[in-house]
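In: Curious how this folds, go ahead:
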Amino acid sequence: MNPDATLPNRRRFLKTAVGFAGATVLASSMAPLTAIAAANRRKLGFALVGLGSYSTGQLGPSLKETHNCYLAGIVTGTPAKAERWAREYDIAQRNIYNYENFDTIVDNDEIDVVYVVLPNSMHAEYSIRALRAGKHVICEKPMGLTAAECEQMIAVAEENRRLLAVGYRMPYDPYFIEMKRLSQSGEMGPVNYLESALGYSYTPQLGSWKLKKSMGGGSLYNLGVYPIQNVRHAKGSEPIAVTAQASTKRPEYFSEFPEMYTWQLEWEDGTLASCYTGPNARIDRLFVGCRDGWINFEPATAYSGQACRTSRGDFNFPQVNQQRLQMEDFARCVIEGTPSKVGAHEGLQDARIIDAIHESIRTGRKVMLG
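Out: Got it, this is the predicted structure:
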C-alpha cells in the first residue's frame with residue numbers, strides 16, 4: 001500500500017509536488033497548489049528554526065503581515081523563548097520543537113516551509129534535515145560554508161522534490177530592483193567598474209559564535225555575501241577571477257580568522273569590482289561606474305532607509321518590508337510550482353566566490369572561477 005494514500009489531500013499534494021534547486025523545474029506536469037489552498041482556506045505554515053535577533057526583530061514580526069503564509073511553528077532549545085513566542089504568535093504546543101525532536105516535524109501537516117535561521121555552520125545540516133522531512137526550505141545566508149555544502153543541499157532538494165531558496169531580501173526592495181534594471185539596461189553604457197562594501201563598527205562579544213571558526217563566524221560569511229550579491233546583480237553576469245586580501249587589527253577578538261577582508265573580482269570583458277567587509281568601519285555602499293554615467297547606492301542593504309543617487313537623478317521609492325515580500329514570494333513559488341528568484345543557485349554561486357576568496361588569501365594568488 002502507498003503510505004501517502006492515507007494522508008490528507010493537501011499533505012499528499014505537498015509531498016508529491018515539484019521541488020526546485022535554483023531555477024530548475026523538476027516536473028512540469030505539477031498542478032498548482034492554488035486550488036487546494038483556496039479549498040482549504042488556509043495560508044502556508046512557516047516554522048522558524050532558531051529564535052535569535054533576526055527572527056525576533058524581523059522575521060517573526062513580518063510574518064504577522066504576510067498574506068499567503070503565517071508563523072505556524074518554532075524550533076528552539078530555550079523553553080523560555082518557546083513560551084514567549086507561543087504566547088505572542090498563538091502557536092500550538094504541537095508545533096513547538098527543540099533540536100532533539102526536530103526530525104518529527106515530518107509528521108506535521110501544518111508546517112509547509114522551514115526557515116533556517118541558525119549559526120552559519122548549522123545551515124546545511126538543518127536545511128537538509130528539513131528537506132528530507134518533506135518541507136520546503138528557506139536557508140538564511142550564507143547558504144553553506146562551502147560550495148560543496150551547497151551542492152549537497154541542492155542534491156537533497158532535488159531528491160526530495162522540494163523548493164530550496166536563500167534568505168536574500170534585497171532582490172525584493174524597489175531601490176535594489178531599479179538599480180539592477182538601470183545598471184543592466186545599457187542606458188548609461190556598459191558597466192566598467194564597481195565598488196561595494198558592507199561593514200559595521202562594534203566591539204565583538206567574547207564567546208559569541210560569530211568569533212568561532214567552527215560555527216561559521218567571521219564577517220566574510222555574515223556580511224560579505226552582500227557586496228558579492230551587489231556586484232553580481234549590478235553587472236548582470238558572473239565574474240571569472242578573484243584576488244583577495246585579509247588583515248586583523250584586534251587579535252584579542254579575532255584569533256580564529258581575519259577581522260576584515262578585501263577582494264577584487266574580474267569579468268571576462270575586463271570589468272573590475274573592489275569589495276570590502278569587516279566589523280571595524282561603518283560602510284554600506286554600492287557604486288556602479290558606467291561609460292556614460294554612474295549609480296551611487298548608499299546605504300544599500302539596510303532594512304529601510306535606502307538612498308540612491310545617479311548621474312540621471314535620484315531614486316525615490318516608498319519603503320517596504322523586505323522580509324515580508326521575500327517570504328510571500330517564496331510562499332507564492334511553492335503554491336504555484338515556480339522557481340524562486342533567490343533560489344539555491346544564488347547561494348551556490350556566492351559560496352563559490354567565498355571559496356575562491358579563502359583560496360586567494362591562503363595562496364596570495366589570483367584564483368580563477370570555474
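In: My read is that residue 238 contacts residue 348, right?
Out: No - with contacts counted by Cβ atoms under 8 Å, residue 238 stays clear of residue 348, the gap being 11.5 Å. Yep, even glycine has a C-beta here, placed from its N, CA and C like the rest.
In: Between these two, which is the more surrounded one?
Out: Shown here are residue 238 and residue 348; by other Cβ atoms under 10 Å, residue 348 has more neighbours (21 against 13).
In: now the helix or strand containing residue 85: how far from the chain's centre is it?
Out: Element membership for residue 85 (DSSP states H and E) is helix 79-89. Computed by Cα atoms, centre = their mean, to the nearest Å, the chain-centroid distance of helix 79-89 equals 25 Å.
In: Quick one: end-to-end distance for stretch 77-97.
Out: One end of stretch 77-97 to the other measures 8 Å (Cα to Cα, to the nearest Å).
In: So which bits of that stretch are buried?
Out: 81, 82, 85, 86, 89, 91, 95, 96, 97 (16 or more other Cβ atoms under 10 Å).
In: Please apply the same query to stretch 302-310.
Out: Quick answer for stretch 302-310 (16+ other Cβ under 10 Å): 306, 308, 310.
In: Pick the one among those closest to residue 292.
Out: The nearest member of the buried residues of stretch 302-310 to residue 292, counting by Cβ to Cβ, is residue 310 at 11.4 Å.
In: Might one say that that closest one is in contact with residue 298?
Out: No - in this structure, residue 310 is not within contact of residue 298 by Cβ under 8 Å, at 11.7 Å.
In: ok, residue 64 - how many residues close by?
Out: Using other Cβ under 10 Å, residue 64 is surrounded by 11 other residues.
In: what are the phi and psi angles of it?
Out: phi -70, psi -20 (degrees, to the nearest 10).
In: any idea how far it is from residue 156?
Out: With distances taken as Cβ to Cβ, to the nearest Å, residue 64 is found 31 Å from residue 156.
In: what does residue 286 give?
Out: Following Cβ to Cβ, the distance that separates residue 286 from residue 156 is 33 Å.
In: so residue 209 sits right up against residue 222, yeah?
Out: No - contact criterion Cβ under 8 Å: residue 209 and residue 222 do not qualify, at 10.4 Å.
In: Now do the shared contacts for these two.
Out: Counting by Cβ atoms under 8 Å, 6 or more residues apart in numbering, residue 209 and residue 222 have no contacts in common.
In: Whatever helix or strand comes next after the helix holding residue 85 packs against which elements?
Out: On the C-terminal side of helix 79-89, the closest following helix or strand by DSSP H and E is strand 96-97. Contact partners of strand 96-97 among helices and strands, from 3 or more Cβ pairs under 8 Å, 6 or more residues apart in numbering; DSSP states H and E: strand 69-75.
In: how about a cut-off of 10 Å?
Out: Contacting strand 96-97 under the criterion 3 or more Cβ pairs under 10 Å, 6 or more residues apart in numbering; DSSP states H and E are the following elements: strand 44-49, strand 69-75, helix 79-89.
In: of those, which approaches residue 329 most closely?
Out: For residue 329, the closest of these is strand 69-75, at 10.1 Å, according to Cβ to Cβ.
In: what about that closest one, distance to the chain center?
Out: For strand 69-75, the distance to the chain centre is 18 Å (Cα atoms, centre = their mean).
In: partners of that strand in the sheet?
Out: In the sheet, strand 69-75 lines up against strand 44-49 (parallel), strand 96-97 (parallel) (DSSP bridges).
In: Could you identify which of the ones you listed is most buried?
Out: Among these, strand 44-49 has the highest mean neighbour count (mean count of other Cβ atoms under 10 Å), at a mean of 25.
In: Just the C-alpha atoms of it, please, in PDB.
Out: C-alpha atoms of strand 44-49 as PDB (Å, rounded to 0.1, in the frame of the first residue of the first chain):
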ATOM      1  CA  LEU A  44       1.200  28.100   4.100                       C
ATOM      2  CA  GLY A  45       2.600  27.400   7.600                       C
ATOM      3  CA  PHE A  46       6.200  28.500   8.300                       C
ATOM      4  CA  ALA A  47       8.400  27.300  11.100                       C
ATOM      5  CA  LEU A  48      11.400  29.300  12.200                       C
ATOM      6  CA  VAL A  49      14.400  27.300  13.200                       C
END
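In: A strand includes residue 130, no?
Out: No - secondary structure of residue 130 (DSSP: H, G, I helix; E, B strand; the rest coil): helix, not part of a strand.
In: Right, I'll leave it there.
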